[in-house]
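Engineer: Just the structure for this:
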Amino acid sequence: MADYGAADLDLNITRDLSAFLSPLRLEDLPDETVHAARRGVLDWVGCALSGSDHPTITKLLSVLEEVGGKPKATVFGRNLKLGVLDAPIANGQMGHMLDFDDTHMGGVVLHASSPILSALFALADRKAVDGATLIVAYAVGFEAGVRAGQAAPEHHNGGWHLTGTLGSIAAGAASARLLGLGPQRTVHALGIATTQAAGMQQNRGTMCKSFHAGKAGHNGVLAGLLAERDFDSSGEILEGKKGFCRIYSRETDQDRILDGLGDRWEITRNGHKPYACGIVLHPTIDAMVELGKTSGVDAADVASVELRVHPHAVTITGVEEPQTGLKSKFSLTHTAAVSFLDRAAGIAQFSDTRATSEDAIALRRKVTVATDDTLQKDQARATVVAASGEKHETFIEHASGTVGNPMTDAAMEAKFLANASPVIGADRAGELRELIWKLDTVDNVQALTALCG
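Structural biologist: This next block holds a predicted model:
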């Protein structure tokens, strides 16, 4: 029996993690953790509202409205309610639709908030909860999702999209905490969520990439609700012989799951984006925006652009001739070109129109990319060579929006208002902003979701 794949190893990692997470209260969280949660909610709600009118969401909603459950949960920006299992699919996809949402890079590349918050807001519409409980559940989701990813270090290299896989684990843990499940039921929620974990990097640049985030939120809600009714699972879903860490990664570092638990809060190491594309592109954007502003070289006079980036950036962003806005978010050459041309990298720079514009195409064909193992993931070097032969160079020490160079609260507010105001109006956006900044004192989270509808 010892060789049987599901035989217990008695490591108690999933159980110990659940025993720590399930009883957490707001007073157990350091102030910086609570503030990080407020920032994360503010950022994600804005991203979801901004993504709510994307044509992809219209396609998705046409199906969910036809086949969905009882309308109980708010669909952001759409004046619509869907079933508690359906709303997370829509809101989660909205949040990740523009690739403008947060990214944790502490050993993983995870957009944690889209799965977690899409799950939590749906459950909060099902049954009233206070803001303090939602904040704790949000932090709990980060602990479970990020730590599971750290314990499976080759997970990303295997082709999995972590927002779909780790996002399911994160949303399951968060849902369990919001529902007030005890340690054993939390173990089951983790098991139910993890066995649904999926999402392939092959779908980068398509409608499916952001769909992974929505499905992960759905998976988490389903896991929590099933576990609440004593639907069981393996007690070793993370560390078991056939558990997540061993079958989703060629290498396993399962001790990372419990390492520093309670001392290090993963939500405080989250990154928030000033640019509407993958975080690995941000060093290049910073460099090219700076050169666009300071070099004095007109785009027509650029002879070549030379980039040096961390190897990880190339593995994610190797699209050379993107034909759509979604594909352009995975093109280093397009990103470098439009950042130089527009001195910006917002939603407009990654539209279908900009991806196929003549000036962007002409300049991106002058861009060459080299990898440099001495660079960190948040660093880049860029050189613009003018037709005269004159060179202009810059080095980015820490990209904007990363832990080493975080967005300020003021910058987060400005981003939120720019994303939310066109959808719900400036007055409601302002009211929503103030509510989120005091979320830990809010008696009923439905006050927040009502403003998002």
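Engineer: Pro283 and Thr394 touch, don't they?
Structural biologist: No: using Cβ atoms under 8 Å, Pro283 is not in contact with Thr394; the gap is 10.4 Å. For the C-beta atoms, the positions are set from N, CA and C on the backbone; glycine is no exception.
Engineer: More neighbours: which of these two?
Structural biologist: Counted by other Cβ atoms under 10 Å, Pro283 and Thr394 do not tie: Pro283 has more neighbours, with 30 against 17.
Engineer: helix/strand/coil for the more buried one?
Structural biologist: Here Pro283 is recorded as helix under DSSP: H, G, I helix; E, B strand; the rest coil.
Engineer: quick one: low-confidence parts of this protein?
Structural biologist: 1-6 (pLDDT under 70).
Engineer: if I look at the residue most central in space within it, how far off is Phe244?
Structural biologist: Residue closest to the average C-alpha location in the chain (Cα atoms, centre = their mean): His111, at 1.6 Å. Applying Cβ to Cβ, to the nearest Å, the value for His111 to Phe244 is 18 Å.
Engineer: what number of residues lie near Asn444?
Structural biologist: 13.
Engineer: measure it to Ala171 for me?
Structural biologist: For Asn444, the distance to Ala171 equals 22 Å [Cβ to Cβ].
Engineer: got it, and Phe142?
Structural biologist: Taken as Cβ to Cβ, the span from Phe142 to Ala171 is 11 Å.
Engineer: list residues touching both of the two?
Structural biologist: Ile116 (Cβ atoms under 8 Å, 6 or more residues apart in numbering).
Engineer: Counting neighbours around each, name which of the two comes out higher.
Structural biologist: Neighbour count, other Cβ under 10 Å: between Phe142 and Ala171, Ala171 has more, with 38 against 28.
Engineer: For the more buried one, which non-adjacent residue is spatially closest?
Structural biologist: Ranked by Cβ to Cβ, 6 or more residues apart in numbering and with sequence neighbours excluded, the top spatial neighbour of Ala171 is Gly220, at 2.3 Å.
Engineer: so which strand or helix has that neighbour?
Structural biologist: Using DSSP states H and E, Gly220 maps to helix 207-228.
Engineer: Leu17 is in contact with Pro183, correct?
Structural biologist: No: with contact defined as Cβ under 8 Å, Pro183 does not reach Leu17; the gap is 9.5 Å.
Engineer: Could you check which of the two is surrounded by more residues?
Structural biologist: For Pro183 versus Leu17, the count of surrounding residues by other Cβ under 10 Å is larger for Leu17: 25 against 16.
Engineer: From Asn419, how far off is the closest residue to that one other than its chain neighbours?
Structural biologist: Once flanking residues are discounted, Leu17 sits nearest to Ile257: 5.9 Å by Cβ to Cβ, 6+ apart. Taking Cβ to Cβ as the measure, Ile257 falls 34 Å from Asn419.
Engineer: For stretch 163-172, what is the distance to the chain centroid?
Structural biologist: Distance of stretch 163-172 from its chain centroid, counting by Cα atoms, centre = their mean, to the nearest Å, is 10 Å.
Engineer: How about stretch 120-135?
Structural biologist: For stretch 120-135 - counting by Cα atoms, centre = their mean - the centre lies 20 Å from the chain centre.
Engineer: Kindly report the same for stretch 32-51.
Structural biologist: How far stretch 32-51 lies from its chain's middle: 11 Å, per Cα atoms, centre = their mean.
Engineer: same deal with stretch 258-269?
Structural biologist: Worked out by Cα atoms, centre = their mean, stretch 258-269 lies 18 Å from the chain centre.
Engineer: No further queries at this time; thank you.
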